[in-house]
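Asker: Structure, please.
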Amino acid sequence: MNKINSLVVLLILACFSCCFNGSLLLARSADKENSSVLAQPVNISLHMRSAYHNEFIGSPLKFDDGGFRFDQVIIDIAGEVTSKLSYKYLQRLNKVSPIFTKENLPGSIDYAYLRYRFNERFSVTAGKQALTIGSFEYNKYPVEVYDYSGINNLVNCYLNGLQVAFTPMPNQEFTFQVVNNRWGTVEDAIGTPVKSLPPSSITRVEAPTVPLYYSLGWNSNYFDNALQLRYGANVTSPAKGKTLFMLSGGQKWRSDSWRIYIDVLYQRSDIDYLGAIRSATATPGAMVENVEYFTLLGELNYRFQPRWNILLKCFYNNFSVYKNNSHVYSGNCLTSWNYQGGLEFYPMKDDNLHLFLIATLKKFSEPEIKQIITPANSFRVSAGFIYRIPVLTVKR
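Answerer: Residues are numbered from 1 along each chain as shown. Here you go, the predicted structure:
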């Protein structure tokens with residue numbers, strides 16, 4: 001039934017596109033230099049990543065599982081109704097999720113928005129969109145990210161709301177965004193209250209009166225786009241009387257043959273809203289308070305031949321509790337180092353299709369807190385392909 005619904009949506013949107021006299025449809029990717037398909041007047045495109053994975057778990061590592069799997073199947077529709085009004089719809093066809101009452105949309109839909117550009121300086125985006133975060137990994141096209149780092153992997157990325165963008169000059173953009181901060185119930189978002197450590201008491205929490213994220217963003221580039229910067233700040237209330245804020249920044253350097261970016265993300269919250277610490281306790285449904293999340297990552301891509309690319313990536317995560325609370329003492333909870341390296345081959349003249357061989361190692365340190373269960377170390381070798389297929393092209 002999910003597949004039928006997706007096909008019906010696809011057909012409806014295709015008809016909608018054609019009715020506007022063959023509007024020029026330009027799908028947008030945050031990492032545009034990798035997106036030759038999206039650089040063309042594309043109406044509808046299908047993006048796939050499939051691979052054979054070998055998984056090893058434990059310490060020492062032992063073979064756990066192997067097999068073929070589709071990691072991503074995405075339908076991407078974007079274009080212009082007029083020179084000022086554009087739209088975008090993106091859905092992951094292999095992601096099954098319920099329709100959340102807050103959004104009234106399934107989580108498989110990442111984008112469903114309209115954007116109106118008043119002039120060269122001001123634009124407004126309304127609908128489901130990405131939460132503003134200053135990270136190049138976060139803004140990279142999903143099929144090209146083999147593994148997300150800690151905070152980027154945990155945050156609810158796509159939410160319904162409104163964003164205003166101001167571009168005072170071609171290389172500077174400032175944004176202000178207001179979007180929903182949760183999908184389901186308050187228990188889904190932060191867990192259920194439990195008795196605190198001595199002296200015993202139960203922390204009572206209520207859903208926030210106005211459950212919204214408020215975000216500021218700054219994007220810029222310099223030296224003919226060789227240096228790119230992305231910065232973001234977010235604040236929200238995960239529960240009544242509780243505050244969460246996050247700061248993030250990404251720096252990227254690029255030339256004709258290489259690209260390197262470094263991202264830093266930090267979140268501090270009165271309640272564990274991301275959920276990684278909560279899920280690592282002996283009672284994963286119980287609420288955890290006073291948490292900090294920190295992620296540092298870097299990725300290098302070196303195109304040493306026109307059809308060959310080397311990828312190296314490393315990210316460090318440190319998740320901690322900064323004050324005794326609930327059923328967990330203060331201290332480092334989850335600390336991990338993640339290493340990734342691989343080779344990519346582009347057999348065609350464009351970059352629409354490429355084959356990859358990627359190895360990923362995840363290592364966890366012992367936590368300072370005895371109430372935390374340390375995840376097992378893991379190692380994965382993946383061989384597969386990424387293909388961006390232009391399904392329907394409509395030119396003006």
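
Asker: ok now the helix or strand containing Ser220, how far from the chain's centre?
Answerer: Secondary structure from DSSP states H and E places Ser220 in strand 212-222. Averaging C-alpha positions (Cα atoms, centre = their mean, to the nearest Å) puts strand 212-222 15 Å from its chain's average.

Asker: go on, stretch 267-279?
Answerer: Put simply, stretch 267-279 sits 17 Å off its chain's centre (Cα atoms, centre = their mean).

Asker: Just the endpoints, please. Distance across it?
Answerer: Distances were taken as Cα to Cα, to the nearest Å; on that basis the terminal residues of stretch 267-279 are 17 Å apart.

Asker: before we move on, back to that, what's the strand holding Ser220 in contact with?
Answerer: The set of residues external to strand 212-222 that reach it, using Cβ atoms under 8 Å, 6 or more residues apart in numbering, is 131-132, 134, 159, 161, 171-181, 227-236. For every residue, glycine as well, the C-beta is placed using N, CA and C.

Asker: Direction included, what does that strand pair against?
Answerer: strand 172-180 (antiparallel), strand 227-236 (antiparallel) (DSSP bridges).

Asker: Confirm Asn317 sits in a strand?
Answerer: Yes: membership of Asn317 in a strand is supported by DSSP: H, G, I helix; E, B strand; the rest coil.

Asker: coming back round to it: show me just the buried residues among the contacts of strand 212-222.
Answerer: Applying a neighbour-count criterion of 16 or more other Cβ atoms under 10 Å, the buried members of the contacts of strand 212-222 are 131-132, 134, 159, 161, 171, 173, 175, 177, 179-181, 228-234, 236.

Asker: what are the bridge partners for the closest residue to Ser269 other than its chain neighbours, then?
Answerer: Residue nearest to Ser269 in three dimensions, not counting chain neighbours: Leu244, with 3.8 Å by Cβ to Cβ, 6 or more residues apart in numbering. Beta-bridge partners recorded for Leu244 (DSSP bridges): Thr236, Ser269.

Asker: for the stretch 101-250 of the chain, what spans make up the helices?
Answerer: Using DSSP state H, counting those that start in this stretch, the helices assigned to the stretch 101-250 of the chain run over residues 136-139, 150-154, 186-190.

Asker: Which stretch among these approaches Asp270 most closely?
Answerer: In this view, these are compared for proximity to Asp270 by Cβ to Cβ, and helix 186-190 is the closest at 9.5 Å.

Asker: neighbouring contacts of that closest one?
Answerer: By Cβ under 8 Å, 6+ apart, the surrounding residues in contact with helix 186-190 are Arg182, Val205, Glu206, Ala207, Pro238, Ala239, Ile271, Asp272, Tyr273, Arg278, Met287.

Asker: The last one touches Ser279, doesn't it?
Answerer: No: at 11.9 Å, Met287 does not count as touching Ser279 under the criterion of Cβ atoms under 8 Å.

Asker: which SS class is Thr374?
Answerer: The three-state assignment at Thr374 reads coil, by three-state DSSP.

Asker: pLDDT score for it?
Answerer: The confidence metric pLDDT takes the value 89 at Thr374.

Asker: thinking it is in contact with Pro367, fair?
Answerer: Yes: look at Thr374 against Pro367 with Cβ under 8 Å: they come within range, at 6.0 Å.

Asker: Look at the two and report which has more neighbours.
Answerer: Neighbour count, other Cβ atoms under 10 Å: between Thr374 and Pro367, Pro367 has more, with 20 against 15.

Asker: how about the residue lying closest to that one once chain neighbours are set aside, what does it touch?
Answerer: Sequence neighbours aside, Cys333 is the residue nearest to Pro367 in space, at 5.2 Å (criterion: Cβ to Cβ, 6+ apart). In this structure, Cys333 makes contact with Ile277, Ala280, Phe319, Ser320, Val321, Pro367, Glu368, Ile369, Ile372, judged by Cβ under 8 Å, 6+ apart.

Asker: how much space between Cys333 and Ile109?
Answerer: Shown here: Cys333 relative to Ile109, a distance of 32 Å by Cβ to Cβ, to the nearest Å.

Asker: quick one: low-confidence ranges for the stretch 101-250 of the chain?
Answerer: 101, 183, 194-204 (pLDDT under 70).

Asker: rerun at 90
Answerer: Confidence mapping of the stretch 101-250 of the chain against pLDDT under 90 gives the ranges 101-108, 181-211, 238-241.

Asker: now do the stretch 251-396 of the chain
Answerer: Within the stretch 251-396 of the chain, the stretches with pLDDT under 90 are 281-287, 324-329, 349-350, 366-371, 374, 390-396.

Asker: Do a quick rundown of the strands in it.
Answerer: Across the stretch 251-396 of the chain, reading from the start of the chain, the strands by DSSP state E, counting those that start in this stretch fall at 258-271, 289-305, 308-321, 331-345, 353-365, 378-393.

Asker: likewise the stretch 51-200 of the chain?
Answerer: Listed in chain order, the strands of the stretch 51-200 of the chain (DSSP E, counting those that start in this stretch) span 62-80, 85-92, 99-100, 105-106, 109-117, 122-130, 158-169, 172-180.

Asker: What pairs with the second one, parallel or antiparallel?
Answerer: Taking DSSP bridges as the criterion, strand 85-92 forms sheet pairs with strand 62-80 (antiparallel), strand 109-117 (antiparallel).

Asker: Can you give me the buried ones in that strand?
Answerer: Residues of strand 85-92 classed as buried: Ser86, Tyr87, Lys88, Tyr89, Leu90, Gln91, Arg92 (neighbour count, 16+ other Cβ under 10 Å).

Asker: closest to Phe385 among the residues you listed?
Answerer: Distance to Phe385, by Cβ to Cβ, is smallest for Arg92 among those, at 17.6 Å.

Asker: All set, thanks.
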